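Chemist: I would like to see how this sequence folds:
(one chain, ligands or ions: 1)
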Amino acid sequence: MKTLSEKDIQERIAKLDYWDYEEGYLVTSLDFKDFADAFAMMTRIAFEAQAQNHHPEWSNVYNNLTIRLNTHDADGITEKDFALANKIEEIIKG
Ligand SMILES: C[C@H](O)[C@H](O)[C@H]1CNC2=NC(N)=NC(=O)C2=N1
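Modeler: Residues are numbered from 1 along each chain as shown. Next comes the predicted model:
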């Protein structure tokens, strides 16, 4: 799959509330009420990632969830990353 240019990435990021572009990754850092809420959200995101066959790099510390997306198969950011980023944003906004 084709990687997106820096300009395309910035244009798409501007339409999202929770995502930034840093060091070749779409990134977000989300704080929830507590660990249970964070892990519940991770479970929902995990099912979506599996459905899209596109998987996040992520880490969780108590109520924080940090997510990094890129397409290692393509060595960059592709539409697949934005498809998952959009869906994660939808899930979080409920
Ligand atoms: C073989 C399999 O389709 C690939 O490894 C997929 C799976 N999930 C993936 N997830 C992410 N984030 N990037 C990929 O390049 C990727 N590739």
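
Chemist: is residue 37 in contact with residue 63, as I believe?
Modeler: Yes - in this structure, residue 37 is within contact of residue 63 by C-beta atoms under 8 Å, at 6.9 Å. C-beta: built from backbone N, CA, C; applies to glycine.

Chemist: name the SS class of the one residue in the chain that gets nearest to the ligand, please.
Modeler: Closest residue of the chain to the ligand, C-beta to the nearest ligand atom: residue 73 (3.5 Å). In three-state terms, and counting by DSSP: H, G, I helix; E, B strand; the rest coil, residue 73 is coil.

Chemist: now do the helices in this structure.
Modeler: Secondary structure of the chain (DSSP state H): helices located at 6-14, 35-52, 79-93.

Chemist: name whatever forms a beta bridge with residue 20.
Modeler: Judged by DSSP bridges, the bridge partners of residue 20 are residue 27.

Chemist: mind checking pLDDT for the residue nearest to residue 29 when sequence neighbours are not counted?
Modeler: In this structure, residue 29 finds its nearest non-sequential neighbour in residue 66, 4.8 Å apart by C-beta to C-beta, 6 or more residues apart in numbering. pLDDT for residue 66: 98.

Chemist: got the contact list for residue 66?
Modeler: Going by C-beta atoms under 8 Å, 6 or more residues apart in numbering, residue 66 touches 27-30, 58-60.

Chemist: repeat that for 7 Å
Modeler: Contacts here follow C-beta atoms under 7 Å, 6 or more residues apart in numbering; on that basis residue 66 touches 29, 58-59.

Chemist: check residue 30 too.
Modeler: 18, 65, 92.

Chemist: most surrounded residue in these?
Modeler: When neighbours are counted by other C-beta atoms under 10 Å, residue 65 leads the contacts of residue 30 with 23 neighbours.

Chemist: so that residue makes contact with residue 43?
Modeler: No - judged on C-beta atoms under 7 Å, residue 65 makes no contact with residue 43 at a distance of 11.3 Å.
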